[in-house]
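Engineer: Predicted model and sequence follow; I will ask about them next.
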Amino acid sequence: MTLPSATKLSQWDALQLESLKSLGWSNEELISRVNSGDLPKDDSKFQFDYAGLRTVASEQPDTFKAAVENGYQIKYNTIRGIHSWIFVALKQDAELILEPGSEAVAASLTADEAASLAGVLSFGWALTAVDDAGTAGDDRRTAYRVSPAG
């Protein structure tokens, strides 16, 4: 569970940050490259230009640094945004369920991945394990569902 004082990022800024984290840079290098604008061209389906992240880094340097070094919570999630975060941060194309009244994202996650996802979700979302037996298979993954809380 994320503490109320956690650093907060917009969903789009979080996706951009996770995209850059996937490049394997150290925290210091990531911060330096964002601040200097020395960023790669993104050829993913998202076509990140990193402008929003550069704005956060310049206007709120303490927030940006804390998000990189200590993690963050997303200010407001959407169902499609959660699906995208899992794709970018966890490298998994989760199932997007858009049935009216039953909207959810389903994914098979390790305990660490589930903890990461739970930590970034905004208020109003619940991450629930759906495997009756707990851990599923030799890969130590469990089926989870992210849906509106309540």
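Structural biologist: Cool, the structure landed. Residues are numbered from 1 along each chain as shown.
Engineer: contacts and neighbour counts: CA atoms only from here.
Structural biologist: OK.
Engineer: Can you tell me the centre-most residue of the chain?
Structural biologist: W85 (4.1 Å; C-alpha atoms, centre = their mean).
Engineer: pLDDT weak spots in the protein?
Structural biologist: Applying pLDDT under 70 to the chain flags the ranges 1-5, 131-138.
Engineer: show me where it has helices.
Structural biologist: Along the chain, counting by DSSP state H, helices occupy 11-21, 27-36, 51-59, 61-70, 79-90, 111-120.
Engineer: export those helices to TSV and tack on distance to P148?
Structural biologist: Converted to TSV, the helices of the chain look like this (distance: least, C-alpha to C-alpha, whole Å):
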stretch	distance to P148
helix 11-21	16
helix 27-36	32
helix 51-59	27
helix 61-70	24
helix 79-90	9
helix 111-120	13
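Engineer: The residue nearest to the centre of the chain against L15, yeah?
Structural biologist: Yes - with contact defined as C-alpha atoms under 8 Å, W85 reaches L15; the gap is 5.9 Å.
Engineer: Spit out the contact partners of the residue nearest to the centre of the chain.
Structural biologist: 14-15, 18 (C-alpha atoms under 8 Å, 6 or more residues apart in numbering).
Engineer: Kindly indicate which of the residues you listed lies nearest T55.
Structural biologist: Of all those, T55 sits closest to A14, with 13.0 Å by C-alpha to C-alpha.
Engineer: Next one: the closest one from A111, what distance?
Structural biologist: Distance of A14 to A111, given as C-alpha to C-alpha, to the nearest Å: 21 Å.
Engineer: Lovely, talk soon.
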